[in-house]
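**Student:** Please find the sequence and the predicted model below.
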Amino acid sequence: MSNRRFDIIVWGATGFTGKLVVEYLRDYHPTVKVAIGGRNQTKCQQVLDDLNLDWPIIIADAFDEVSLRTLVAQTSVVCTTVGPYSKYGHLLVGLCVEEGTHYCDLTGESPFVRETIDRHHALAEEKGVSIVHACGFDSIPSDLGVFYTQQYVQSETGQYATEVHARTGKMKGGFSGGTIASMVEMLDSLPERPELPRLLMNPYALNPDPKFKGPDGADQVGVRFEKLSNRWTAPFVMAPTNTRIVRRSHALQGFPYGKSFVYTESMGFPKGLKGWSMAVSVTLGMGTLIGAMVSSKWLRHQIWQRMLPQPGEGPSREERDNGYFTMHFFAKVGEQVYEGRVSDTIDPGYACTAKMLAESCLCLVENRSELPKVGGVLTPSVAFGEVLVSRLQQAGMKFSCRLYTT
Ligand SMILES: NC(=O)c1ccc[n+]([C@@H]2O[C@H](COP(=O)([O-])OP(=O)(O)OC[C@H]3O[C@@H](n4cnc5c(N)ncnc54)[C@H](OP(=O)(O)O)[C@@H]3O)[C@@H](O)[C@H]2O)c1
């Protein structure tokens, strides 16, 4: 792999997030050998012109095996932002495993991840090829947040927490058309895939053995006051993806926190009336939107076309620069509670996601011998662990932990 022409090919560079990844690599890692990939030469050239770059362009379509294999065989790592992944990602993952090329993506589509596990994990592990899903806001803050908090708790107390509850803190950002398209694609496929609701409801859908029986239940649906963190909590739209990734990480590591370890994720709001009313409004607003999107295909497409961003669109530079997020991880060990935090001062879904994806790929280029595990269908914490925490800290993300007092 070290003889490959490129270290990284950013495939999907003409899309909203792909272009941000290219810009990030240009600004912060200009010596890495990068090419951009896409299906349209003119659009790819436009990206290079906009970013004042002369990097090579590799043309490949998601459904054209010959062009895609040629792309995959030229690089050590494929960094893909071509989504919806369940629509465009299957051939690429298979070719990466065949050609011995590492792979990182931004998928939050659990059914896609489940399929790549079933089809490719064993061979990828045998061949030492890392297929790393969810290297964006879904699910790096959750996955590395739990990892970091547990390492801290273990170093302080000699044991791991038996429960970790992730609660969102202050957060500002937007959605791109590609993200909405991925949600719509998953909902559209439900009638042809009757097994999907069951898979999506399974808290252990992405465990190596999805029949694993543990103490985790369904994701939160209503508003609740939580004594442990002393705040109001509400359902979090990303919990169904993030919790499954965190549980897969735990299982792939051999259950170091114990088979009765509990992980939950929801939105957090301050205690008091103001916090309660915020939790209720967010729950009602999101519930209404999601209910309408789920209720009928026609309504879903009307809402998407009339109210939501289309593929290629997303938050403006100003919105990205003015975004921020904090996630809190309340970890219970005996009678004590520790609070881990992961935060950044740019918008989580795009500017920070571009950083997280690029730094994940760079772990496979620059730190391969230091990585905890190489080979298999992996999660970010299992594939990169402390190496990625440290890279992201150097890139401005904050990780911290302390004993929590309410
Ligand atoms: N995990 C996270 O936190 C996170 C954050 C952001 C995005 N995402 C995910 O990332 C994905 C991309 O989002 P986005 O907003 O950047 O989407 P986007 O702007 O619509 O970009 C999609 C990209 O896919 C390319 N593409 C489409 N069909 C193709 C084909 N047949 N062959 C090759 N390339 C093809 C498009 O090329 P053309 O320009 O030629 O159409 C474009 O480059 C989505 O699945 C989204 O859910 C996840």
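**Tutor:** Received it, and whenever you're ready, just let me know what you need.
**Student:** what distance separates stretch 382-389 from the centre of its chain?
**Tutor:** Distance, stretch centre to chain centre, for stretch 382-389: 14 Å (CA atoms, centre = their mean, to the nearest Å).
**Student:** Check stretch 86-103 too.
**Tutor:** With CA atoms, centre = their mean as the basis, the distance from the averaged C-alpha position of stretch 86-103 to the chain average is 17 Å.
**Student:** For the stretch 301-406 of the chain, which residues are neighbours of the ligand?
**Tutor:** 311-312, 314, 349-350, 353 (CB under 6 Å from any ligand atom). All C-beta spots, glycine's among them, are computed from the backbone N, C-alpha and C.
**Student:** Write the PyMOL selection for whichever of the residues you listed are buried.
**Tutor:** Selection of the buried residues among those in PyMOL, burial being defined by 16 or more other CB atoms under 10 Å:
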select buried, resi 311+314+349+350+353
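**Student:** Return the member of the residues of the stretch 301-406 of the chain next to the ligand nearest to the ligand.
**Tutor:** Taking CB to the nearest ligand atom as the measure, the ligand sits nearest to Pro311 out of those, at 3.1 Å.
**Student:** Identify the residue nearest the closest one in space, chain neighbours excluded?
**Tutor:** Nearest non-adjacent residue to Pro311, counting by CB to CB, 6 or more residues apart in numbering: Gly177, 4.2 Å away.
**Student:** and what of Thr157?
**Tutor:** Setting aside the residues directly before and after it, Thr157 is nearest to Val333 in space (CB to CB, 6+ apart), at 5.4 Å.
**Student:** That neighbour touches Gly158, doesn't it?
**Tutor:** No - counting by CB atoms under 8 Å, no contact exists between Val333 and Gly158, whose distance comes to 9.4 Å.
**Student:** how close does the residue nearest to Thr157 sit to the ligand?
**Tutor:** If you measure Val333 against the ligand using CB to the nearest ligand atom, to the nearest Å, the figure is 30 Å.
**Student:** Count residues in the vicinity of that residue, would you?
**Tutor:** Neighbour count of Val333, defined by other CB atoms under 10 Å: 19.
**Student:** ok, and the closest residue to the ligand within the stretch 101-250 of the chain, which helix or strand is that part of?
**Tutor:** The ligand sits closest to Gly178 of the stretch 101-250 of the chain, with a gap of 1.9 Å, by CB to the nearest ligand atom. With secondary structure defined by DSSP states H and E, Gly178 is part of helix 177-188.
**Student:** how far does that helix sit from the chain's center?
**Tutor:** What separates the centre of helix 177-188 from the centre of its chain is 15 Å, taken as CA atoms, centre = their mean.
**Student:** counting contacts, what elements does it pack onto?
**Tutor:** Helix 177-188 is packed against helix 16-28, helix 85-88, helix 273-295, helix 297-307, with contacts defined by 3 or more CB pairs under 8 Å, 6 or more residues apart in numbering; DSSP states H and E.
**Student:** Before we move on, what's the pLDDT of Ala3?
**Tutor:** Actually, residue 3 is Asn rather than Ala. Asn3 carries a pLDDT score of 87 in this model.
**Student:** next one: the one 4 residues further on
**Tutor:** Predicted confidence (pLDDT) at Asp7: the value is 98.
**Student:** how close does it get to Asn230?
**Tutor:** Computed with CB to CB, to the nearest Å, the distance linking Asp7 and Asn230 is 46 Å.
**Student:** what does Glu339 give?
**Tutor:** 11 Å.
**Student:** So which of these two has more stuff around it?
**Tutor:** In this view Glu339 and Asn230 are compared by other CB under 10 Å, and Glu339 has more residues nearby, 19 against 15.
**Student:** Distance check, Leu71 against Glu156.
**Tutor:** Leu71 sits 46 Å away from Glu156, taking CB to CB as the criterion.
**Student:** These two: who's more crowded?
**Tutor:** Set side by side, Leu71 and Glu156 show more neighbours around Leu71, with 24 against 14, by other CB under 10 Å.
**Student:** Report pLDDT for the more buried one.
**Tutor:** For Leu71, the model assigns a pLDDT of 98.
**Student:** check which helix or strand covers it.
**Tutor:** Of the helices and strands defined by DSSP H and E, Leu71 is found in helix 65-73.
**Student:** Check which residues of that helix are buried.
**Tutor:** Quick answer for helix 65-73 (16+ other CB under 10 Å): 67-69, 71-72.
**Student:** And the lowest-mean-pLDDT helix or strand in the chain, what's buried?
**Tutor:** Sorted by mean pLDDT, DSSP states H and E, the helices and strands of the chain end with helix 177-188, the least confident at a mean of 84. Buried residues in helix 177-188, defined by neighbour count with 16+ other CB under 10 Å: 177-187.
**Student:** With just CA atoms, put that helix into PDB.
**Tutor:** Listed next in PDB are the C-alpha coordinates belonging to helix 177-188 (Å, rounded to 0.1, in the frame of the first residue of the first chain):
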ATOM      1  CA  GLY A 177     -29.000  18.200   1.200                       C
ATOM      2  CA  GLY A 178     -26.900  15.000   1.200                       C
ATOM      3  CA  THR A 179     -27.800  14.300   4.900                       C
ATOM      4  CA  ILE A 180     -31.500  14.800   4.200                       C
ATOM      5  CA  ALA A 181     -31.200  12.700   1.000                       C
ATOM      6  CA  SER A 182     -29.700   9.900   3.100                       C
ATOM      7  CA  MET A 183     -32.600  10.000   5.600                       C
ATOM      8  CA  VAL A 184     -35.200  10.100   2.700                       C
ATOM      9  CA  GLU A 185     -33.400   7.200   1.000                       C
ATOM     10  CA  MET A 186     -33.700   5.100   4.200                       C
ATOM     11  CA  LEU A 187     -37.400   5.900   4.700                       C
ATOM     12  CA  ASP A 188     -38.100   5.200   1.000                       C
END
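**Student:** Need the residues that contact it.
**Tutor:** Contacts of helix 177-188 with the rest of the structure, by CB atoms under 8 Å, 6 or more residues apart in numbering, involve 15-17, 81, 83-87, 107-109, 111, 196, 293-294, 297, 300-301, 304, 308-314, 349.
**Student:** Also stretch 192-210?
**Tutor:** Judged by CB under 8 Å, 6+ apart, the contacts made with stretch 192-210 from elsewhere in the structure are 110-111, 113-114, 117, 121, 186, 189-190, 211-212, 214, 216-219, 240, 243-245, 247-248, 251-252.
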